[in-house]
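Asks: would you be able to build a 3D model of this:
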Amino acid sequence: MFRYIRIPLIVLAFLSVSGSPVFSEPFKPEVLRGEVQVDLEPVYARYADESYPPDIQTTRRRALEESALFYGAMIYGWSFNYDIGEKARGIAEELALEPLGEIPFGDPGLQATDVYLRDTDLCLFTDYRLNDAQQRRMLMWNSGTIRTVQATGYGPLGGPVEGSDWIAIKKTALEDAARAGIRAMLRGSERNRPKEARGFIALTAFPRYWMDAGQWAAAARFRVVLTELVPFGAY
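Replies: Below is the predicted model of the structure:
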């Protein structure tokens, strides 16, 4: 009985800490919206040094840090250098991503709005209000000439984590999804397989995470701009 009383109290406390209303304003073009989930009963609670369930401050920070990461990836994206690799030639596959900007934790444009429970997940909606420069970037990313691709990536489960370590673990799976997306796009569009590809990539929306065979899996959709293809003949 205690378990069913405790979870609603966590939700009420979460809203109290966030200082945000339960219902958000209608969507506006200058506002982005996304949803993240934080497990209130994580599988790695069996570790002695992991708080169980996560306290309100930890839950709130994890949700808002994730949101800031994803909004930054939607607005700014990354530049990338992708070496496709080839086992026959002993060339390893490698993706280098360089963020073009970020949304820092505590950015005043980021606000918690709605919150609800789904099983043991606390699900939080957030809004991010774009400034003029960010709106121009979003117009660029949404132009009809930019290709989109969807892919799934994987990363380690990570065990007990705190603060930014949690974000690093989620980012690993997201970056692997970006690698898989770029690879799939090149396979579908390039007749002659290049050695390297360079360009820019950004999220179209918040990714979806789940646990798969002891790993984090992240399904994400990306916008991709190719700026250079390096053929094998150049080496």
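Asks: quick one: least confident helix or strand in this protein?
Replies: Least confident helix or strand, the chain: helix 2-18 with a mean of 40, by mean pLDDT, DSSP states H and E.
Asks: mind listing what's buried in the next helix or strand after it?
Replies: Following helix 2-18 in sequence order, the next helix or strand is strand 31-39 (DSSP states H and E). Buried residues in strand 31-39, counted by 16 or more other Cβ atoms under 10 Å: Leu32, Arg33, Gly34, Glu35, Val36, Gln37, Val38, Asp39. C-beta here means a position set from N, CA and C on the backbone, and glycine is covered the same way.
Asks: show me what the closest residue to Glu98 other than its chain neighbours is bridged to.
Replies: Once flanking residues are discounted, Glu98 sits nearest to Ser79: 4.8 Å by Cβ to Cβ, 6 or more residues apart in numbering. Assessed by DSSP bridges, Ser79 has beta-bridge partners Glu98, Phe200.
Asks: what residue is smack in the middle of this structure?
Replies: Phe70 (4.5 Å; Cα atoms, centre = their mean).
Asks: pLDDT score for that one?
Replies: According to the prediction, Phe70 has pLDDT 97.
Asks: OK, contacts around it?
Replies: Gly34, Val36, Leu203, Phe206, Pro207 (Cβ atoms under 8 Å, 6 or more residues apart in numbering).
Asks: so which elements touch the longest strand along the chain?
Replies: In the chain, taking DSSP state E as the definition, the longest strand is strand 215-230. Secondary-structure packing of strand 215-230 (3 or more Cβ pairs under 8 Å, 6 or more residues apart in numbering; DSSP states H and E): strand 147-156, helix 164-189, strand 196-203, strand 208-212.
Asks: so which of those comes closest to Trp141?
Replies: Trp141 sits nearest to strand 196-203 of all the helices and strands packed on strand 215-230, at 5.3 Å, using Cβ to Cβ.
Asks: ok, back up a step: what angle sits between the longest strand of the chain and strand 208-212?
Replies: Interaxial angle, strand 215-230 versus strand 208-212 (axes from the mean of the first three to the mean of the last three Cα atoms, to 10 degrees): 120 degrees.
Asks: check which residues of strand 215-230 are buried.
Replies: Neighbour-count burial for strand 215-230, counted by 16+ other Cβ under 10 Å, picks out 215-218, 220-226, 229-230.
Asks: kindly report the same for stretch 55-75.
Replies: Buried residues in stretch 55-75 (16+ other Cβ under 10 Å): 56, 58-75.
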